[in-house]
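1. give the three-dimensional model of this entry:
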Amino acid sequence: MTNQSRRDFIAAAAATIVAAATPQPAAQDVLDAGPISDYTDSDVYDKYREKGAFVIRRDKEIFALSSICTHKGCKVRVADDLSFFCKCHHSTFDKDGHVTKGPAKRDLPRLAVRLDDGQHLLVNLNTDLF
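-> As a prediction, this is how the structure comes out:
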């Protein structure tokens, strides 16, 4: 084995170890929110609220927020001004998910999103990975 091939072997082994140690979302934690073309208007899309996510489009930016209140885990709702509120204990959150009134103390988590090869928006529902 030459020095170069040893280096290649060690680099490949290290990359494999890092990839194995990096948490990956389980299939049930990934929501296929449909084609990106479904989100052309700036708005809060609540179609997947019950599954745990809001998809939000603002101009050219698209992101997702958890629809689960950080106080006791109730599902939050979208208000007319596109902020969020929890009917269970009356916490409120601004349009970016920041707490504006408790009892919740933590903001609504942003959820990782990406496009798959078919231009579908995938949302990682597992906030424990971030």
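2. pLDDT wise, what is the residue positioned nearest the centre of the chain at?
-> Residue closest to the average C-alpha location in the chain (Cα atoms, centre = their mean): Leu111, at 1.4 Å. Looking at Leu111, its pLDDT reads 95.
3. look at the residue nearest to it when sequence neighbours are not counted and say how many residues are nearby.
-> Setting aside the residues directly before and after it, Leu111 is nearest to Ala64 in space (Cβ to Cβ, 6 or more residues apart in numbering), at 4.1 Å. For the C-beta atoms, the positions are set from N, CA and C on the backbone; glycine is no exception. Neighbourhood size, Ala64 [other Cβ atoms under 10 Å]: 24.
4. contacting residues for Ala64?
-> Shown in contact with Ala64 (Cβ atoms under 8 Å, 6 or more residues apart in numbering): 33, 53-56, 110-113, 123.
5. just the element for it, please.
-> Following DSSP states H and E, one finds Ala64 within strand 61-66.
6. adjacent strands (with direction) for that strand?
-> Applying DSSP bridges, strand 61-66 is found paired with strand 53-58 (antiparallel), strand 110-111 (antiparallel).
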